[in-house]
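Visitor: need a 3D model of the sequence below.
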Amino acid sequence: MQTHAAKLLKLVLDKSREASFSEIRFISGMSPAFVDEHGPHFLEVAYLSTELVGEIHQLCVLIADEAVFSSKAMSTYSVTLRRLGRVVCKFQRRGNVASLIMVRDTDAAETVDAIRPLKRPSLGAEAKPESKEKEN
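Guide: Residues are numbered from 1 along each chain as shown. Below is the predicted model:
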């Protein structure tokens with residue numbers, strides 16, 4: 001089942017990358033959604049179960065920036081994602097409802113720029129072999 005959670009997480013991250021999202025929501029009993037300046041946008045992929053939200057949370061814990069110390073009911077940690085930057089993940093479980101809210105860090109764009117390697121400038125001139133006259 002974890003492969004399903006990984007595919008769903010990748011799908012949602014890919015779709016939200018196209019928009020300038022402020023947060024991504026995985027809430028059991030609902031479809032995944034991302035929020036931008038126009039409000040929430042629900043992705044018509046599937047309704048999330050409590051177990052599936054927990055599996056997505058466990059995938060995020062595996063790639064967390066630091067060790068995650070949490071209880072079963074609540075945890076907060078950050079994850080750095082390629083092309084999205086750093087997001088803060090807030091997982092919460094109450095009874096049969098689980099939620100994972102990913103909020104874009106305020107300096108996410110700067111984080112991506114810091115991770116991306118700089119492109120080296122191309123050489124403007126060619127090297128030419130030395131003439132034999134200079135050796136004599």
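Visitor: quick one: the strands in this protein, in order.
Guide: With DSSP state E as the criterion, the chain has strands at 23-27, 33-36, 39-42, 74-81, 85-94, 97-104.
Visitor: so which of these is nearest residue 10?
Guide: Counting by CB to CB, residue 10 lies closest to strand 74-81 out of the strands of the chain; the figure is 10.4 Å. (Each C-beta comes from the backbone N, C-alpha and C, glycine too.)
Visitor: ok, back up a step: CSV for the strands of the chain, including distance to residue 64, mean pLDDT and mean neighbour count?
Guide: Listed next are the strands of the chain as CSV, based on distance: least, CB to CB, whole Å; pLDDT from 0 to 100; neighbours: other CB atoms under 10 Å:
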stretch, distance to residue 64, mean pLDDT, mean neighbour count
strand 23-27, 16, 93, 21
strand 33-36, 20, 88, 18
strand 39-42, 25, 89, 11
strand 74-81, 5, 87, 17
strand 85-94, 8, 90, 18
strand 97-104, 12, 92, 20
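Visitor: which parts of this structure are helices?
Guide: 2-17, 50-62, 108-115 (DSSP state H).
Visitor: wait, which of these is closest to residue 28?
Guide: Per CB to CB, nearest to residue 28 of the helices of the chain: helix 50-62, 4.3 Å.
Visitor: and the gap between residue 97 and residue 43?
Guide: Relative to residue 43, residue 97 is positioned 19 Å away (criterion: CB to CB, to the nearest Å).
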